[in-house]
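S.K.: Build the 3D model from these lines:
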Amino acid sequence: MLKLLGAALIIVAGTMAGWMKARQYANRPSQIRSLMQALKRLETEITYSFTPLPDALRRIAHQNKDPLRSLLMTAAEGMNDAMGLTAQESLHRALDQHWRHTAMKASERDVLHQLAYTLGTSDRRDQLSHMESAIRQLEAEEAEARDDQARYEKMFRSLGLLTSALIVILIY
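M.R.: Now for the predicted structure:
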């Protein structure tokens, strides 16, 4: 009876691990899409509303779900008078704190990291061109993420169950 319970726990744990890994592959394209939409909204705020960067980031953060909401709010809070960080420092700090909670990979982080160097430091036209470039790079990453999702999502779901079943067979 105890062996049966142990085997069931191993199978459940392995299956859940596979499903969690598969969920990362499923969440990555949608998170990249949300990030692109947030950057497009930021373009609009900079171009038409002339909204200060911290206020624009706060407004955009409220329109998104976590983990992107937390990332943008932390970046906006870092630029307030009490913290006194530059846009670059604030965004880098937010990336360091919240990136591990996303399903996105280092390539998307690098795009935001590079974008942070120009936010708030150059004229409006230059910032917009850098944001457009970042959006184009993210579109390419999204296409790659969709390919990875199609290729690996189902495989990891099955692999979790099969690996745990193999462990149970080898143990007993």
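
S.K.: Only C-alpha atoms from now on, for both contacts and neighbour counts.
M.R.: Fine.

S.K.: Quick check: which ranges of this structure have low pLDDT?
M.R.: Applying pLDDT under 70 to the chain flags the ranges 82.

S.K.: let's see it at 80
M.R.: The chain contains residues with pLDDT under 80 at 49-51, 81-84, 120-124.

S.K.: tell me which element Met36 is part of?
M.R.: In this assignment (DSSP states H and E), Met36 forms part of helix 2-44.

S.K.: so what secondary structure elements neighbour that helix?
M.R.: Using 3 or more C-alpha pairs under 8 Å, 6 or more residues apart in numbering; DSSP states H and E, the elements in contact with helix 2-44 are helix 53-62, helix 68-78, helix 124-171.

S.K.: when you compare where the second one runs with where helix 53-62 runs, what's the angle?
M.R.: Orientation of helix 68-78 against helix 53-62 (axes from the mean of the first three to the mean of the last three C-alpha atoms, to 10 degrees) gives an angle of 160 degrees.

S.K.: Go through helix 68-78 and flag the buried ones.
M.R.: 68-78 (16 or more other C-alpha atoms under 10 Å).

S.K.: and what of the shortest one?
M.R.: Using 16+ other C-alpha under 10 Å as the test for burial, helix 53-62 gives 53-61.

S.K.: Now distance to Ala17 too, for these, in CSV please.
M.R.: CSV is the format used below for the buried residues of helix 53-62 (distance: C-alpha to C-alpha, whole Å):
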residue, distance to Ala17
Leu53, 40
Pro54, 38
Asp55, 39
Ala56, 38
Leu57, 35
Arg58, 35
Arg59, 36
Ile60, 33
Ala61, 30
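
S.K.: Nice, that's everything, thank you.
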